[in-house]
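Asks: Everything below, folded, please.
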Amino acid sequence: MLPYFLILLAFLSDRLSKSWAAAYYAEHGPTTLHPLFSLRQTYNRGVALGLFQGIGPIIGWLSIGVVIGLFIYLVQTPRELRWLRVGLALIIGGALGNLVDRITAGQVLDFIETPLRSGVFNVADMMIYLGLLLTLLASLFAREVAG
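Replies: Sure thing, here's the model as predicted:
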């Protein structure tokens, strides 16, 4: 049950943060909150890190297929592989958050900027990256145990 709750939590955290960021930006504009953290509104019509701008619709359709495939994989993954399931859930929730932007606006709102990482990103991106890291680590440790 936890993975399905995490999908919802990742999705809602992305949607709420984007709603807040759009309202904040409309009132205050770009803001540096800390030397390592600023808010700057940009729109991504490409893929991760702003690559391949203009292929948003293709990515939207591809995302639908990937989310469906990952969800099927999540449902079929044994409960004992908890961290793998958590990672998959975060990827799905984040992908759904960005997918809503792609479907409704044709572009994804990015608003978090830090000098520690290139590009501007959002909460959905953070969920996807964290999910990928957990999935990779869980897969590696599952092989060690099985091997």
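
Asks: Next, give phi and psi for Phe37.
Replies: phi -150, psi 120 (degrees, to the nearest 10).

Asks: Roughly how far does it sit from Val120?
Replies: Note on Phe37: its distance to Val120, by Cβ to Cβ, to the nearest Å, is 12 Å. All C-beta atoms are positioned from the backbone trio N, CA, C, and that covers glycine.

Asks: which neighbours do those two share?
Replies: Here Phe37 and Val120 have Ile112, Glu113 as joint contacts, going by Cβ atoms under 8 Å, 6 or more residues apart in numbering.

Asks: Moving along the chain from the longest helix anywhere in the chain, name the first helix or strand you hit.
Replies: The longest helix of the chain (DSSP state H) is helix 2-28. Downstream of helix 2-28, the first helix or strand assigned by DSSP states H and E is strand 31-34.

Asks: who has more neighbours, Phe37 and Val120?
Replies: Ranked by neighbour count (other Cβ atoms under 10 Å), Phe37 and Val120 place Val120 first, with 21 against 13.

Asks: which secondary structure elements does the helix or strand that one falls within contact?
Replies: Using DSSP H and E, Val120 sits in strand 117-121. In terms of contacts (3 or more Cβ pairs under 8 Å, 6 or more residues apart in numbering; DSSP states H and E), strand 117-121 is packed against strand 37-44, strand 108-114.

Asks: what about dumping the CA coordinates of the longest one to CSV?
Replies: This points to strand 37-44. Only the C-alpha atoms of strand 37-44 are listed here, as CSV (Å, rounded to 0.1, in the frame of the first residue of the first chain):
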residue,chain,number,x,y,z
PHE,A,37,18.8,28.4,-3.6
SER,A,38,16.7,30.7,-5.8
LEU,A,39,13.4,30.7,-7.6
ARG,A,40,13.3,31.4,-11.3
GLN,A,41,10.3,30.5,-13.4
THR,A,42,11.1,28.8,-16.7
TYR,A,43,9.2,26.5,-19.0
ASN,A,44,10.6,23.4,-20.4
